[in-house]
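Trainee: Test case, fold it:
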Amino acid sequence: MIDVKELLYDIDLKLNKIGSNEHQGIELENKIIALRDAEINVIKTKFGENNVYKSGLDSFQKRYNDLEMLIEKGGFLSLTEDGSPLNSWSADLSSLTPKYMLGIPGSEYILADKANCKDRVLVVNLSKHGDLLRLLSNSNYEPSFEFQEVPGTVSNHRYEIYTDGTFTPKKLYLWYVRYPVQVDFEGYDHFDGTPSTTVNSELPYYLKEEITDIAVKALALSTENQNAVTASQLKINTNE
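Mentor: Reported below is the predicted structural model:
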């Protein structure tokens, strides 16, 4: 956990020239917005491969340590038939609490019935939409109750799986990365008129530099603070 006061202090320290008041006119709410955006940016960087190691969540243990506080075992979601000629069934990801941000590949499976065989576990292989028709027509990748595999896709906040029409999917199970609780600090009013309260960051303390460097770059760009932009970009390039 990171104290939001430390994050705000670091932003001011990195933005402002020593011995002057230049670039100190940024409002509190703008700093909070920059911090929230920076946290999302850090999470996406750790989850995907847009980072110095070009490696994602499954690459090594540190990736899990970076995000483990945000990983949720989503439990079972009901699957409903879509009425599609592709025999698709889907689950509503927007119903997940806490809020779904990113799915963890390899964690998904469904329970399905066929004749007297009930609640058989079938592994879901998440696929690209452009590959779907090819996979459904390929005997090596098509849905199979017997081989316990089905293809899946994600679109429009729904997780879709596909059958061969001979079995009935019932429930989907998955792990996912949730959105972090939004950082905040008392002293201003939100857009809806409610007063702000102090909320610390959930992310581990060792990510503080990465979060503030990203936030500083965004704020520096908006205020044409080229020195801070350059300095923060150098730090972002070496953070890990």
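Trainee: and Glu186, how many residues sit next to it?
Mentor: Here the number of neighbours of Glu186 (other CB atoms under 10 Å) works out to 11. In short, each C-beta sits where N, CA and C put it, glycine included.
Trainee: And for Thr168?
Mentor: 16.
Trainee: Next up, the contacts around it.
Mentor: Applying CB atoms under 8 Å, 6 or more residues apart in numbering to Thr168 gives the contacts 112-114.
Trainee: ok, now with 6 Å
Mentor: When the contact criterion is CB atoms under 6 Å, 6 or more residues apart in numbering, the partners of Thr168 are Asp113.
Trainee: now do Glu142
Mentor: Per CB under 6 Å, 6+ apart, neighbours of Glu142: Leu136.
Trainee: which SS class is it?
Mentor: coil (DSSP: H, G, I helix; E, B strand; the rest coil).
Trainee: next one: Lys5
Mentor: Lys5 ends up helix, using three-state DSSP.
Trainee: what sits up against the longest helix belonging to the chain?
Mentor: The longest helix of the chain (DSSP state H) is helix 28-47. Residues outside helix 28-47 that contact it (CB under 6 Å, 6+ apart): 7-8, 11, 51, 57, 63, 66-67, 102, 180, 182-183, 187-188, 210-211, 214-215, 218-219.
Trainee: which parts of that helix are buried?
Mentor: Residues 29-36, 38-39, 41-43, 45-47 are the ones in helix 28-47 that count as buried (16 or more other CB atoms under 10 Å).
Trainee: Nearest to Leu93 among those residues?
Mentor: For the buried residues of helix 28-47, the minimum distance to Leu93 (CB to CB) is 16.0 Å, reached by Phe47.
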